[in-house]
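Sequence below, structure please.
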Amino acid sequence: MVALITSILVTALMVAGFMWYGKRRPADRPTTWGEAMLGAAYVFMMMLLVFGIVPDRWIRLTDNEWGWSVERFLVTEGQFMTSPITFPPMRIDLKKVSDTVVVIEHLAALVGIPLLSKWWQRRDKAQLIAEATSDYGRPLIKGN
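Here you go, the predicted model:
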């Protein structure tokens, strides 16, 4: 449990650091070779955490500590026989629930990573719009 929480916290701190640096860095400054290599290693580590370590820690937690396996069921046939709604006969074991959580986490990451990339690419436009002023120091307003 500690390993899962630690990996999630490290991932969240890395994303927060990514955004903090993106807001702090001037958008018009060219990227050096060293910055590009450090940034690539940083993004690689974030992806390793998101797609490798966090799902692995979750599966190990559910398999080893909580004992979720194909023998333990969340839903079985005839479980809801007294309810007025009829359910089809099905079995959902806890291993499938654990794997579904991993798939949902991967889908969230596959949506979040392009959104972070889009934010990084467009951060200079937001800074330039906020800093546009006239010769007299007044903010410029775009006409219709």
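
longest helix anywhere in the protein?
helix 94-131 (DSSP state H).

Going by neighbour count, list what's buried in that one.
The neighbour-count check on helix 94-131 (16 or more other CB atoms under 10 Å) flags 94-95, 98-99, 102, 105, 109, 113, 116, 120 as buried. (C-beta placed from N, C-alpha, C; glycine too.)

swap in stretch 16-23?
Using 16+ other CB under 10 Å as the test for burial, stretch 16-23 gives residue 18.

would JSON lines of the buried residues of helix 94-131 with distance to residue 37 and pLDDT be doable?
Shown next, in JSON lines, are the buried residues of helix 94-131 (distance: CB to CB, whole Å; pLDDT from 0 to 100):
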{"residue": "94", "distance to residue 37": "43", "pLDDT": "92"}
{"residue": "95", "distance to residue 37": "41", "pLDDT": "94"}
{"residue": "98", "distance to residue 37": "37", "pLDDT": "95"}
{"residue": "99", "distance to residue 37": "36", "pLDDT": "95"}
{"residue": "102", "distance to residue 37": "31", "pLDDT": "97"}
{"residue": "105", "distance to residue 37": "28", "pLDDT": "96"}
{"residue": "109", "distance to residue 37": "23", "pLDDT": "96"}
{"residue": "113", "distance to residue 37": "20", "pLDDT": "94"}
{"residue": "116", "distance to residue 37": "19", "pLDDT": "93"}
{"residue": "120", "distance to residue 37": "17", "pLDDT": "88"}
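
Next, format those residues as CSV and append distance to residue 32.
Output for these, formatted as CSV (distance: CB to CB, whole Å):
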residue, distance to residue 32
94, 50
95, 48
98, 44
99, 43
102, 38
105, 34
109, 29
113, 24
116, 22
120, 17
